[in-house]
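Asks: here is the input, now give the coordinates:
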Amino acid sequence: MLLPEFVRMARQAVRDLRGQPGGPTPPEVVRRFLWFLPLTDDQARAVALRVR
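Replies: Next comes the predicted model:
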């Protein structure tokens with residue numbers, strides 16, 4: 001039930017933080033929002049590409 005809300009917030013954070021100097025990369029944002037899931041780097045990158 002909460003997963004769609006986490007994805008919505010991660011999507012907005014990726015959009016807000018994209019291109020910020022010293023900001024997190026999109027996969028880092030995804031990992032921060034979905035910290036409770038054991039995501040590999042490749043999986044976090046794939047999710048980040050989908051939430052753009």
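
Asks: next one: the most centrally placed residue in the chain from residue 13, what distance?
Replies: With distances taken as C-alpha atoms, centre = their mean, the chain has residue 30 as the residue nearest its mean C-alpha position (2.0 Å). The spacing between residue 30 and residue 13, counted by C-beta to C-beta, to the nearest Å, is 9 Å. Where you see a C-beta, it was placed from the backbone N, CA and C, and this is true even at glycine.

Asks: likewise for residue 28?
Replies: Taken as C-beta to C-beta, the spacing of residue 28 relative to residue 13 amounts to 10 Å.

Asks: which residue of those two possesses the greater neighbour count?
Replies: When neighbours are counted by other C-beta atoms under 10 Å, residue 28 and residue 13 differ, and residue 13 comes out ahead with 18 against 15.

Asks: list the contacts for the more buried one?
Replies: Taking C-beta atoms under 8 Å, 6 or more residues apart in numbering as the criterion, residue 13 is in contact with 29, 32-33.

Asks: Serialize those residues to TSV and add fields for pLDDT.
Replies: Supplementary listing: those in TSV, determined by pLDDT from 0 to 100:
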residue	pLDDT
29	91
32	89
33	85
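
Asks: out of the residues you listed, which are buried?
Replies: Neighbour-count burial (16 or more other C-beta atoms under 10 Å) applied to the contacts of residue 13 gives 29, 33.

Asks: in what helix or strand does residue 43 lie?
Replies: Remark: residue 43 resides in helix 41-51, with elements defined by DSSP states H and E.

Asks: distance between that helix and the chain's centre?
Replies: For helix 41-51, the gap between its own C-alpha mean and the chain's C-alpha mean amounts to 7 Å (C-alpha atoms, centre = their mean, to the nearest Å).

Asks: elements contacting it?
Replies: helix 3-17, helix 26-33 (3 or more C-beta pairs under 8 Å, 6 or more residues apart in numbering; DSSP states H and E).

Asks: one step back: in contact with the residue nearest to the centre of the chain, which residues?
Replies: With contacts defined as C-beta under 8 Å, 6+ apart, the neighbours of residue 30 are 10, 14, 39, 44, 47-48, 51.

Asks: again with residue 11
Replies: Residue 11 makes contacts with 51-52, as judged by C-beta under 8 Å, 6+ apart.
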